[in-house]
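Q: here you go, sequence then predicted model.
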Amino acid sequence: MVGEREAPSLVKLCIETAIANLRYLGAVGGVGEHLLQEILPHCTADQLMHIEKLSEDSDLSSVTNDLWKRFYRQQFGEDSEKLVIRRMEKNKVFFKWRHLYEVRSFVLNIS
Amino acid sequence: MKEDTVKLISAEGFEFVVDKKAAMVSQTIRNMLTSPGSFAETEHGEVTFPEISTPILEKICQYFYWSLQFSSGKETEFHIEPEITLELMMAANYLHT
């Protein structure tokens, strides 16, 4: 019928509410990965760090690694990102981008 | 209990009697109610959710009725309290709602 619309799903409404209240988001352990994929890309670096620290019992890196890579590039530049990638490939050791971001921030703070 | 209602039972044993039509907004509950014999509980018009707490199940029942109203043209906002968002989202995901 004209004018009739299907109601938005409750999952969708919850995702929207979570995105609107990211600063109140804490531990997200147990939340499905496909749901986190919708929510976490809207976080700032500080918000994401906070959420991951509170969710330490669950590894979120499958969702967040690419987000941290993006934060790293924004914060420290594309050249630094490329250098890190080159070094990791050369040495065949791969670190999570969250870790790289933290270490680099720490080094910048003390120097 | 009336034919056209169903009893939804929370983790704590709290019972919500809702119209079948409303409960069937949930794809999961719809499947349970429309495939006779496959779920023992639904023969008595009861479904237990051991992983859904009472306040969350209550909110979900509110959503069922809100959803029916919405699709009949009464487009109001459904308010979700930020502090229950994640728990509600997980339950809604399970219920395909």
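A: Happy to help now that I have it.
Q: the residue most central in space within chain A: what's it in contact with?
A: Closest to where the C-alpha atoms of chain A average out (CA atoms, centre = their mean) is residue A:64, at 3.6 Å. Each residue near residue A:64 by CB atoms under 8 Å, 6 or more residues apart in numbering or on different chains is listed here: A:40, A:48, A:52, A:98. Every residue, glycine included, has its C-beta placed from N, CA and C.
Q: quick one: the helices in chain A?
A: A:10-20, A:33-39, A:45-54, A:61-76, A:78-91, A:97-110 (DSSP state H).
Q: equivalent analysis for chain B, please.
A: Using DSSP H, helices in chain B cover B:20-23, B:27-34, B:54-71, B:85-94.
Q: and of those, who's closest to residue A:24?
A: Residue A:24 lies closest to helix B:85-94 among the helices of chain B, at 8.6 Å (CB to CB).
Q: how about the closest one: buried residues?
A: Of all the residues in helix B:85-94, those buried under the rule 16 or more other CB atoms under 10 Å in any protein chain shown are B:85-93.
Q: what about that helix, average pLDDT?
A: What helix B:85-94 shows for mean pLDDT is 97.
Q: hmm, it touching chain A?
A: Yes. Using CB under 8 Å from any CB of the partner chain, helix B:85-94 comes into contact with chain A via B:85-86, B:88-90, B:92-93.
Q: adding distance to residue B:11, write the residues you listed out as JSON lines.
A: Converted to JSON lines, the residues of helix B:85-94 next to chain A look like this (distance: CB to CB, whole Å):
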{"residue": "B:85", "distance to residue B:11": "19"}
{"residue": "B:86", "distance to residue B:11": "16"}
{"residue": "B:88", "distance to residue B:11": "14"}
{"residue": "B:89", "distance to residue B:11": "17"}
{"residue": "B:90", "distance to residue B:11": "13"}
{"residue": "B:92", "distance to residue B:11": "16"}
{"residue": "B:93", "distance to residue B:11": "16"}
